[in-house]
Structures are given as structure tokens and as C-alpha cells.
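Colleague: the following block contains a protein sequence and its predicted model.
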Amino acid sequence: MKKILVMAALAICSFANAQKGTILVGGNIGYSSEKTEYQFSEEKTNTFSFSPKVGYQFNDNWTVGGEFTVSSSTDDNGTREIKDNGFKIGAFVRYSVPLNQTFSVFADMGAGFQNAKSKVYGPGNAYGKRKADGMYVGVTPALFINMKKGFGLNFSIGGLGYETLSYDNNGADVSKFYFNFGQTFNIGISKNF
């Protein structure tokens, strides 16, 4: 699985060190895992995502642009399985700080609209298929490694944020705050244009 993630990361682009007046195009792939224990059962959620971005670096440290994410997750508690497909589209602001010629740290703050479609398999699937719309806001710190002439790798292991989803057909309204450091892994390849 790790080899597939690395190979996929090598096939996509992401952002590089901030250079004033440049256009940045790219993206990351990500994986997250969350385990929730209840009194008599355990629930595990695995999520894969692809997150392209396009931005303009108007300052040596600041970038603004648009982002979107497509994701797929599976939530399994042993008797019931829920498959979710998600889509997010919004804007982001990035602040970058070079540590030296090889390493930089940056933080992305993104906000926008999200959509989710769920399908329940197994007993107790009274809802069958569900759709939801909502909003998100999040902050993700990351590390950039400059390999050669602005070409490099991005790594992050989580962030914090807030999101809402309102389900159709009198479904539940969900809002949650998350802090997922160590539960999420994102990797991307970077190049300035």
C-alpha cells in the first residue's frame, strides 16, 4: 500500500517554496484512519483523498488560490458498512517560511463548500442512500523538502478544522470539530511555475 501511495504521489504535482509572482499548480494524495470504540463494538473509518490546488504567490511568504478535494471512505463496525464519496471546493491561503535552502514549513487555511453521498450496506440500513451538503474550514501545517530548483516533496500528518453536513430527507445535521494529527498522512510532489 505504501508503494502505491508513493508512486501515485510521484505522478501528481503540488506546491513549492513561495516565490513572489509565480503561479502554483498541484495536489496531494492522502490517507486517514480513525478508530472509535463503543461499549460493545468498534468502528473503523479509512479515507483516501486527492486534493489539487491552484494559487498565486503575491508575496515571498503568502499564496492565495482555489482548492478542491475528492475523497472516498469506508466505515465498518463489523455488521454494517457505510461507503462515502465526498467533494469539497473552496479557497485557501498559505503562509510559507523557508528554514534553509532545502526545508520550508507552511500552513494552509482552507474554507468552502462540501458535498457527501453515503450508501449503507448490511442490517439497519433504513436510510439506504443519503446525500448531504455543508461547509468546511481547516488549517494544515506541512513540511516542504526542496529536491532541485523548486522541485520537491510535501508532507503533512494532520491538522485541525470544523465542518458541517446537512442531510436530505429530514436526515441529521452533523457538525464536528476535528484534530487529527497522527491520524492523517498526505504526500505531494512540488514544482513552481
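Modeller: Looks like it came in fine.
Colleague: quick one: secondary structure of Leu165?
Modeller: Taking DSSP: H, G, I helix; E, B strand; the rest coil as the rule, one finds Leu165 in the strand state.
Colleague: what pairs with it across the strands?
Modeller: Beta-bridge pairing of Leu165, defined through DSSP bridges, involves Val174.
Colleague: please name the residues that touch it.
Modeller: Counting by CB atoms under 8 Å, 6 or more residues apart in numbering, Leu165 makes contact with 114, 116, 132-134, 173-175. Yep, even glycine has a C-beta here, placed from its N, CA and C like the rest.
Colleague: mark which of the residues you listed are buried, thanks.
Modeller: Members of the contacts of Leu165 that pass the buried threshold by neighbour count (16 or more other CB atoms under 10 Å) are listed as 114, 116, 132, 134.
Colleague: which one of the residues you listed sits closest to Val93?
Modeller: Gln114 (18.1 Å; CB to CB).
Colleague: please name the nearest non-neighbouring residue to that closest one.
Modeller: Leaving aside its sequence neighbours, Gln114 sits nearest to Lys88 (CB to CB, 6 or more residues apart in numbering; 4.4 Å).
Colleague: mind checking which helix or strand the one you found is in?
Modeller: Per DSSP states H and E, Lys88 falls inside strand 81-98.
Colleague: any idea how far that strand is from the chain center?
Modeller: 4 Å (CA atoms, centre = their mean, to the nearest Å).
Colleague: let's see it as CSV, backbone CA atoms only.
Modeller: The C-alpha coordinates for strand 81-98 follow below in CSV (Å, rounded to 0.1, in the frame of the first residue of the first chain):
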residue,chain,number,x,y,z
GLU,A,81,-20.6,-0.9,6.3
ILE,A,82,-21.1,2.7,5.1
LYS,A,83,-19.3,3.9,1.9
ASP,A,84,-19.0,7.7,1.5
ASN,A,85,-17.9,9.7,-1.5
GLY,A,86,-17.1,13.4,-0.8
PHE,A,87,-16.3,16.5,-2.8
LYS,A,88,-15.0,19.8,-1.5
ILE,A,89,-14.4,23.1,-3.3
GLY,A,90,-13.2,26.3,-1.8
ALA,A,91,-10.4,28.8,-1.4
PHE,A,92,-7.1,28.7,0.6
VAL,A,93,-4.4,30.9,2.0
ARG,A,94,-0.9,29.6,2.6
TYR,A,95,1.9,31.1,4.7
SER,A,96,5.4,29.7,4.0
VAL,A,97,8.6,30.1,6.0
PRO,A,98,11.9,28.8,4.5
